[in-house]
Structures are given as structure tokens and as C-alpha cells.
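Q: quick one: sequence and predicted model below, then my questions.
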Amino acid sequence: MEGYDYEAILATSARVNWRIEDIIGGEKRLDFSKPFMPESLAGVRPVSSLTADEQLLLNQIRGNEYLYIFGLVEEFILPFVMDHARQYLNGDDYRVRALLQFAGEEAKHIQLFKKFRQEFDDGFMTECPVIGPAEDVRRAVLSHHPLAVALAILHIEWMTQRHYIESVRDDQRLDPQFRSLLKHHWMEEAQHSKLDTLMIQALAEGMTEKEIRASVEEYIEIGGFLDEGLKQQVEFDLESFIRAAGRSVTKAEREEFVSAQRKATRWTYLGSGMTHPKFLQTLESLSPAARARVEELAPAFC
């Protein structure tokens with residue numbers, strides 16, 4: 001497993017730390033004349049019935065959904081990290097400080113995405129429903145074994161890294177403000193992926209192969225739970241698009257929309273995390289059979 005170090009992670013976190021008021025609000029406004037999401041994640045072009053203007057509308061609806069989903073998952077990451085940190089309060093100071101910094105940054109991200117949602121609602125002028133509520137999602141996810149939850153969180157952390165580096169960072173067509181939000185989120189999530197790897201190492205210590213593989217099955221169950229939520233979100237996004245575009249869709253158009261967006265959301269939130277090399281490396285360190293199990297399932301989400 002990667003040789004990450006709490007002291008080094010804490011030092012990096014201090015260097016990249018930012019304030020919400022420095023990246024959103026005032027003159028830092030969303031530009032609704034530009035797309036928010038890279039096409040590799042938004043997947044709007046396969047919906048052949050959309051005009052260019054309608055593709056832009058759907059892209060921005062997906063952007064709103066994207067940051068909301070991040071905020072939603074961070075609602076269960078925050079209490080999980082706090083619970084994990086509590087058992088080390090009388091131990092390694094660097095470990096405790098790094099984990100508390102992790103938790104504080106997740107709380108900051110939740111607040112950031114809420115501020116984004118306010119600005120989006122003000123500028124987009126069409127209501128865009130989202131899945132939830134967060135308390136129900138948090139309760140369902142945290143009911144699983146801690147190692148399963150930690151694996152789900154690591155999946156999300158590496159997914160975030162992959163999206164920014166491979167699809168967002170160099171895409172100059174995107175709204176600069178939206179790119180800035182994703183950049184600053186990525187800067188801190190880069191440290192969280194290291195800390196979560198260390199959490200997994202600590203949680204797995206002393207576990208048998210059978211116990212580890214059972215936890216991986218629970219990680220897969222968490223993925224299935226989130227996949228059902230994403231299925232509902234596609235329906236919400238369709239209804240949001242219909243209201244924003246001010247037109248109806250035929251049965252064939254609806255089927256094409258749902259099929260294309262289901263594939264896009266599955267890759268965005270599930271496939272891109274399940275197949276990340278660093279995530280698979282961590283699984284391999286726990287159990288080669290666990291890695292093989294996830295790799296066997298991944299094509300359905302890619």
C-alpha cells in the first residue's frame with residue numbers, strides 16, 4: 001500500500017488551504033453562456049434530439065447535479081471521518097490533526113456546494129430537483145461495515161481526482177468559475193485520498209481474508225444503493241430539462257435521453273472510481289480476490 005505520511009499530508013493541506021469567500025460570491029459569478037461540465041462526464045451529445053442550446057441547458061443541469069452529489073456524499077464522509085479520528089485522540093498528534101483537518105475541509109466543501117446551489121438557482125431560473133434527503137443517504141451508507149464505507153469514500157476521492165485531471169483541468173471551453181470550484185475541491189481532495197488510504201490500512205489491520213471480502217461485498221452494496229439514486233436523478237434531470245427548454249419530448253426522445261444519461265451518470269460516479277488504478281491498487285493490497293471481484297463488475301458502469 002502507498003507509503004503516505006500524516007505529517008507530510010498535514011503540511012500539504014496547510015499549503016493548499018483556501019477560503020470559500022475567495023472563490024465564490026461577489027464578482028465571482030457563474031457564466032450561463034458556457035458549459036459547466038466536460039462532455040466526457042456530461043454525455044449530452046448522444047441525445048440526438050437536442051439542439052446546441054438544449055445541450056448547453058442539459059450540461060448545466062448536470063453541473064448542478066454534479067456538485068450536489070459531491071455535497072451529498074460529503075454528508076456521510078464528515079461523520080465517518082470524525083468517528084474514525086475519535087479513537088486516536090490520545091495517540092499520534094499528526095494523525096489526529098490530519099484527520100480533523102480532513103473533516104473540517106469536508107464541512108467546508110458542503111458549505112461551498114450549498115453556496116453554489118444558491119447561485120445556480122438564482123441564475124438558472126428553473127427548479128432542478130435532486131435526490132435525497134442527505135440524512136437518509138447518510139444513514140443507509142453508514143449502516144455498513146467501516147471498511148466498506150472507507151472503500152466507498154476512497155472510490156469517491158480517486159473519482160474526483162480523475163475527473164479534474166483527465167477532463168476538467170485543460171478544458172478551456174468550460175465556465176471559468178465552475179472550473180475554479182472544481183480545481184479548489186480537487187486540491188484538497190488530493191490529500192483526502194491519501195488519508196483515506198491510511199484509514200483503510202488501519203481498519204483492515206487484523207481482519208481475515210473472509211472479513212475483508214465481506215466488506216468489499218458491502219462496498220458493492222453501497223455502490224448499488226447509489227446507482228439506484230442516480231437512476232432517479234436521471235429522471236429528475238429529464239424533467240428539469242423539459243421545464244428549462246419549455247418543450248415536450250416524445251416517447252422515443254425520452255427513451256434516448258434516459259439511456260444516454262444513465263450511461264453517463266454510471267461512468268461519472270461509479271465506473272470512473274471503480275477502475276481508477278490507485279483504487280484498484282488499494283484493493284489489491286487488501287485482497288487480490290477483492291480486486292478481481294470489482295474488476296469483474298466494473299464494465300457494467302463504463
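A: Right, received. Where do you want to start?
Q: show me what counts as buried in the lengthiest helix in the chain.
A: In terms of residue count, the longest helix belonging to the chain (DSSP state H) is helix 209-245. Neighbour-count burial for helix 209-245 flags 212, 215-216, 218-223, 226-227, 229-230, 233-235, 237-238, 240-241, 244-245 (criterion: 16 or more other Cβ atoms under 10 Å). Every C-beta, even on glycine, is put in place using the N, C-alpha and C of the backbone.
Q: kindly report the same for stretch 63-78.
A: 63-78.
Q: before we move on, back to that, and the longest helix of the chain, how far out from the chain's middle?
A: The chain centre lies 12 Å from the centre of helix 209-245; the measure is Cα atoms, centre = their mean, to the nearest Å.
Q: pLDDT on that helix, on average?
A: Average pLDDT, helix 209-245: 98.
Q: which other helices and strands does that helix contact?
A: Contacts defined by 3 or more Cβ pairs under 8 Å, 6 or more residues apart in numbering; DSSP states H and E place helix 209-245 against helix 52-86, helix 134-142, helix 146-163, helix 251-266, helix 277-286, helix 288-297.
Q: can you tell me which of those is most buried?
A: When the helices and strands packed on helix 209-245 are scored by mean count of other Cβ atoms under 10 Å, the highest mean neighbour count falls to helix 146-163 (a mean of 24).
Q: chain center to it, what's the gap?
A: Distance of helix 146-163 from the chain centroid (Cα atoms, centre = their mean) equals 8 Å.
Q: just checking, next helix/strand downstream of it?
A: Per DSSP states H and E, the first helix or strand lying C-terminal to helix 146-163 is helix 176-204.
Q: list the buried residues in that following helix.
A: Judged by neighbour count using 16+ other Cβ under 10 Å, the buried positions of helix 176-204 are 177-179, 181-182, 184-201, 203-204.
Q: ok, Gly223 to Leu230 distance?
A: Distance of Gly223 to Leu230, computed by Cβ to Cβ, to the nearest Å: 10 Å.
Q: how about Arg266?
A: 7 Å.
Q: for stretch 155-163, list the C-alpha coordinates in PDB.
A: Provided in PDB are the C-alpha atoms of stretch 155-163 (Å, rounded to 0.1, in the frame of the first residue of the first chain):
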ATOM      1  CA  HIS A 155     -13.600   5.400  -4.600                       C
ATOM      2  CA  ILE A 156     -15.200   8.900  -4.500                       C
ATOM      3  CA  GLU A 157     -11.800  10.600  -3.700                       C
ATOM      4  CA  TRP A 158     -10.000   9.000  -6.600                       C
ATOM      5  CA  MET A 159     -13.000   9.600  -8.800                       C
ATOM      6  CA  THR A 160     -12.700  13.300  -8.000                       C
ATOM      7  CA  GLN A 161      -9.000  13.300  -8.900                       C
ATOM      8  CA  ARG A 162      -9.600  11.500 -12.200                       C
ATOM      9  CA  HIS A 163     -12.400  13.900 -13.300                       C
END
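Q: what residues does it touch?
A: Contacts of stretch 155-163 with the rest of the structure, by Cβ atoms under 8 Å, 6 or more residues apart in numbering, involve 41, 70, 73, 77, 182, 185-186, 189-190, 192-193, 196, 219, 223, 268-269, 272-274, 276, 278-279.
Q: switch the cut-off to 6 Å
A: Stretch 155-163 has contacts (Cβ atoms under 6 Å, 6 or more residues apart in numbering) with 73, 189, 192-193, 196, 272-273, 276, 278-279.
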